[in-house]
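**Student:** Sequence first, predicted model second:
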Amino acid sequence: MLLLYWKTIKKEEADELFKIIIDARTKTFNMDTLRKKEGMHFTSIVDLLELVQVYSAIGETKKALELLDFWIEKDLDGWINIWRDSPLMDNIKNEPKLLEYCKKCESRENNILGKVEKILIREEFLEN
């Protein structure tokens, strides 16, 4: 909804709300702590992902890509649907590093799904 505000005549109001989100999210975690991968918990990961989306949405692609680099560096796997499908990510969707990351995640997910399917077949929860 905020993206709709931002892309319409409500841009000023949306900019203010984006600033509130950025301030709130940057206060909830410390990048130095995250770099050490200490104190990394679910809310920190979600906050980081939300920041990437907000920065991308408002055209702060450099900041969004810096956080993406951190995400990749720490191998914070998953959330592929958001990286690939969120309209908030439109400004960075075609960045080579994001495309490569999504490809890597999809490969990992397919590998895991294949293993799960074999177990379900072996345990007769699925037919072969």
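**Tutor:** Looks like it came in fine. Numbers count the residues shown, from 1 in each chain.

**Student:** Quick one, grab the pLDDT at residue 5.
**Tutor:** Looking at residue 5, its pLDDT is 56.

**Student:** Report the contact partners of the residue most central in space within the chain.
**Tutor:** Nearest to the mean C-alpha position of the chain, by CA atoms, centre = their mean, lies residue 49 at 4.0 Å. Taking CB atoms under 8 Å, 6 or more residues apart in numbering as the criterion, residue 49 is in contact with 71, 79, 82. All C-beta spots, glycine's among them, are computed from the backbone N, C-alpha and C.

**Student:** Which strands or helices does the helix or strand containing residue 14 pack on?
**Tutor:** Element membership of residue 14, judged by DSSP states H and E, is helix 11-28. Helices and strands touching helix 11-28, by 3 or more CB pairs under 8 Å, 6 or more residues apart in numbering; DSSP states H and E, are helix 2-7, helix 42-57.

**Student:** And those helices, which one averages the lowest pLDDT?
**Tutor:** helix 2-7 (a mean of 57).

**Student:** average model confidence for the longest helix along the chain?
**Tutor:** With secondary structure taken from DSSP state H, the chain has its longest helix at helix 96-122. Helix 96-122 comes out with an average pLDDT of 92.

**Student:** Report the angle between it and helix 42-57.
**Tutor:** Regarding helix 96-122 and helix 42-57, their directions subtend 140 degrees when assessed with axes from the mean of the first three to the mean of the last three CA atoms, to 10 degrees.

**Student:** What is the burial count for residue 62?
**Tutor:** When neighbours are defined as other CB atoms under 10 Å, residue 62 has 10 of them.

**Student:** what angle separates the helix or strand hosting it from helix 11-28?
**Tutor:** Secondary-structure element containing residue 62, defined by DSSP H and E: helix 61-73. An angle of 30 degrees separates the directions of helix 61-73 and helix 11-28 when computed by the same axes, to 10 degrees.

**Student:** Give me the contact list for stretch 85-97.
**Tutor:** Applying CB under 8 Å, 6+ apart, the external contacts of stretch 85-97 come out as 3, 52-54, 56-57, 59, 61, 64-65, 68-69, 72, 82-84, 98.

**Student:** now residue 74: how far from residue 126?
**Tutor:** As defined by CB to CB, to the nearest Å, residue 74 lies at a distance of 34 Å from residue 126.
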